[in-house]
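Peer 1: when you get a sec, could you give me coordinates for this:
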Amino acid sequence: MEMSPMFSIEQKLKDIGRLNLANLPTPIHFQEKLSQKLGVELYVKRDDLSGVVLSGNKIRKLEYLLFDAQQKQADVVLTCGGVQSNHCRATVFAARQLGMDAEVFLRGLDGQPPSGNLLLCRLADAKTHSLTQETYMQRDELMLTRAEALQKEGRTPYLIPEGGSNALGSLGYIGSMLEIHQEVADADFIITAVGSGGTLAGLLAGAELADSKAKVIGVPVCDDGEIFCARVNDILNTLKTLIPEVTTQARREHFCDGHVGLGYAQATNDELGQIRSVVKESGLVLDPVYTNKAFSGMLQMIADQRIPANSKVLFLHTGGIFGLAPFADRLS
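Peer 2: Sure, this is the predicted structure:
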């Protein structure tokens, strides 16, 4: 890809503006034992080490989104997700650090004990709105209605979409891709979980801008590649308004389907057994909602030789350790 000699990805990201909320750059660890077992050269990008309550991939997106919120003098942030949403937890704590209130619209809240991410949201005194599976389909409209009510009260709300996955949020993973390319420039494959599309969109755009040869593949943890292909391209098309040099598009080959299992935030006993096995073999703690399913996708692609033997593979660890709490009894 040819760029204008005056174009600098780093400068462009700096000009757009972001907060410094995460501990960046996150390290990349070579996994010797797993590499020997799997027959590939496996590296793990440790975005689970970007912080504690601000850990995981969501905080990279929030650095841009909450900078924008501050610029607009917002005093309350509204967002949405599942009852154990990593994104909602990170948004609540980042908002608190910045002196803002937070409200979260949660699918499946009713009857859930306060554990994991839900406990942390309650600890931070976030206002929670309970949505059913059906009403969650209208989450954007419901958040907008709530924002209008807050405006009538004299508040200044700022809406963040599910997963922080819009063009502005995806800039965080252009930045992550630059970190990856600097340290593992010759990676053949980059594997990530896909739950709302923003992380994958940023990685695809970042790979193009950095002229990386790595093939970026997302493993859906809900829905499927066909649905996410359209969502990711919606984000990429809007991203062009921020960075016109982005021309890439997601294609079906960028997705590995078949690992949703029982559904979003659900796990079989075999899947939980894989979490235990990976811990024993590497010390890496995967979560049942995102990273364990992405790891399963990676294993399948290696077994099917979609990822050939001896390939250099980078697995993006997007965090989610608090998501283990609801599975405590079954895991132990």
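
Peer 1: quick one: contacts of stretch 13-21?
Peer 2: By Cβ atoms under 8 Å, 6 or more residues apart in numbering, the surrounding residues in contact with stretch 13-21 are 51, 54, 59, 62-64, 66-68, 70-71, 94, 97-98, 168, 171-172, 174-175, 242. Any C-beta I mention is one placed from the backbone N, CA and C, and that applies to glycine too.

Peer 1: 7 Å instead, please
Peer 2: 54, 59, 62-64, 66-67, 94, 171, 174-175, 242 (Cβ atoms under 7 Å, 6 or more residues apart in numbering).

Peer 1: I'd like the distance from it to the chain centre, please.
Peer 2: Offset of stretch 13-21 from its chain centre (Cα atoms, centre = their mean, to the nearest Å): 18 Å.

Peer 1: buried set for that stretch?
Peer 2: Using 16 or more other Cβ atoms under 10 Å as the test for burial, stretch 13-21 gives 13, 18-19, 21.

Peer 1: check the protein for its longest helix and report it.
Peer 2: What stands out as the longest helix in the chain, according to DSSP state H, is helix 167-183.

Peer 1: list the helices and strands that helix packs on?
Peer 2: Applying 3 or more Cβ pairs under 7 Å, 6 or more residues apart in numbering; DSSP states H and E, one finds that helix 167-183 contacts helix 9-16, helix 58-71, helix 198-209, helix 225-239.

Peer 1: any idea which of the ones you listed gets closest to Lys37?
Peer 2: helix 198-209 (25.6 Å; Cβ to Cβ).

Peer 1: could the buried residues of stretch 13-21 go into TSV alongside pLDDT?
Peer 2: Listed next are these as TSV, based on pLDDT from 0 to 100:
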residue	pLDDT
Leu13	95
Arg18	96
Leu19	98
Leu21	97
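
Peer 1: which one of these sits closest to Leu262?
Peer 2: Nearest to Leu262 out of these is Leu21 (Cβ to Cβ; 33.3 Å).

Peer 1: next, that closest one: secondary structure please.
Peer 2: coil (DSSP: H, G, I helix; E, B strand; the rest coil).

Peer 1: cool, His129 as well?
Peer 2: strand.

Peer 1: residues in contact with the longest helix of the chain: which ones?
Peer 2: Applying Cβ under 7 Å, 6+ apart, the external contacts of helix 167-183 come out as 9-10, 13, 16, 25, 28, 45, 47, 60-61, 63-65, 68, 187, 190, 198-199, 201-203, 205-207, 209-210, 212, 235, 238-239, 242, 314.

Peer 1: tell me the average confidence for that helix?
Peer 2: In this model, helix 167-183 has a mean pLDDT of 97.

Peer 1: starting at the chain centroid, how far to that helix?
Peer 2: Between the centre of helix 167-183 and the centre of its chain there are 12 Å (Cα atoms, centre = their mean).

Peer 1: quick one: strands adjacent to whichever helix or strand comes after that helix?
Peer 2: Downstream of helix 167-183, the next assigned helix or strand under DSSP states H and E is strand 189-194. Strand 189-194 has the following strand partners under DSSP bridges: strand 215-220 (parallel), strand 312-317 (parallel).
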